[in-house]
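Asker: I need the structure of the sequence given here:
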Amino acid sequence: MEFIELIKQRFSVRRFQAAPVAREEVMKCIEAARLAPSASNSQPWHFVVADEPALVQQLAKATYSSLVAFNKFVHQAPLIVALVIEKPKVITQIGAVIKKRDFPLIDTGITAAHFCLQAAELGIGSCMLGWFDQKKIKQLLAIPKEKTIGLLIAVGYPERSEPPDKKRKPIGEMHSFNGY
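Answerer: So this is what the prediction gives:
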């Protein structure tokens, strides 16, 4: 598949089949994520994969509340991945202070995209989640208190194989050359 076709194929899945995802497939996604670039090659991430059904259901419940119910679809996902932000190399930490940029957060986004694109190429769906009860997720996955979870990824085979129409701004509204 050409890369642009893969990008067009990948979408945020909110309806999953009940079928489990084989660990070999998950490892292919992690390998793609491992190869992602990062500031000073720090690779400031750690993937915690939950595939035990009872644990996945507990994690899914921690992605919404009575006030915010938009993540209830996560209960359908057979797998949830927590992307934990790790401490970067010292040179990256210094650069982050000088440039006032959160390089590990940027790097986490890049590696998550690699994971999700590899999943799409394998016919596996994914949805990145930024809304979750971090304290509860850390407790359920035994993640140390001092760590930060960058995001969660709900993973599974999509109920539908055709991506929905992507609503995006016209290309002319989102770029310019040689100045803003």
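Asker: going forward, measure contacts and count neighbours with C-alpha atoms only.
Answerer: Fine.
Asker: in terms of secondary structure, what does the longest strand belonging to the chain contact?
Answerer: For the chain, the strand that runs over the most residues, judged by DSSP state E, is strand 148-156. Applying 3 or more C-alpha pairs under 8 Å, 6 or more residues apart in numbering; DSSP states H and E, we find strand 148-156 packed against strand 79-85, strand 125-129, helix 134-141.
Asker: mind checking these for the one nearest to residue 168?
Answerer: Residue 168 sits nearest to strand 125-129 of all the helices and strands packed on strand 148-156, at 17.6 Å, using C-alpha to C-alpha.
Asker: residue 28: which element?
Answerer: In the assignment (DSSP states H and E), residue 28 maps to helix 23-34.
Asker: how about the nearest residue to residue 12, chain neighbours excluded?
Answerer: Closest residue in space to residue 12, ignoring its immediate chain neighbours: residue 127 at 4.5 Å, by C-alpha to C-alpha, 6 or more residues apart in numbering.
Asker: ok, residues contacting the helix or strand of the chain with the lowest mean pLDDT?
Answerer: For the chain, the helix or strand with the lowest mean confidence is helix 90-99, at a mean of 81 (criterion: mean pLDDT, DSSP states H and E). Around helix 90-99, the neighbours that count as contacts under C-alpha atoms under 8 Å, 6 or more residues apart in numbering are 39, 40, 42, 101, 102, 103.
Asker: circling back: would you reformat the helices and strands packed on strand 148-156 as a markdown table and include mean pLDDT, distance to residue 5 and mean neighbour count?
Answerer: Formatted as a markdown table, the entries for the helices and strands packed on strand 148-156 read as follows, by pLDDT from 0 to 100; distance: least, C-alpha to C-alpha, whole Å; neighbours: other C-alpha atoms under 10 Å:
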| stretch | mean pLDDT | distance to residue 5 | mean neighbour count |
| --- | --- | --- | --- |
| strand 79-85 | 98 | 25 | 23 |
| strand 125-129 | 98 | 15 | 23 |
| helix 134-141 | 98 | 34 | 16 |
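Asker: one step back: ok now do the residue nearest to residue 12, which residues does it touch?
Answerer: For residue 127, the set of contacting residues under the criterion of C-alpha under 8 Å, 6+ apart consists of 11, 12, 13, 14, 153, 154, 155.
Asker: now those residues in a markdown table, with pLDDT and distance to residue 32?
Answerer: Written out in a markdown table, the entries for the contacts of residue 127 read as follows (pLDDT from 0 to 100; distance: C-alpha to C-alpha, whole Å):
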| residue | pLDDT | distance to residue 32 |
| --- | --- | --- |
| 11 | 95 | 18 |
| 12 | 96 | 18 |
| 13 | 97 | 19 |
| 14 | 95 | 23 |
| 153 | 98 | 15 |
| 154 | 98 | 17 |
| 155 | 98 | 15 |
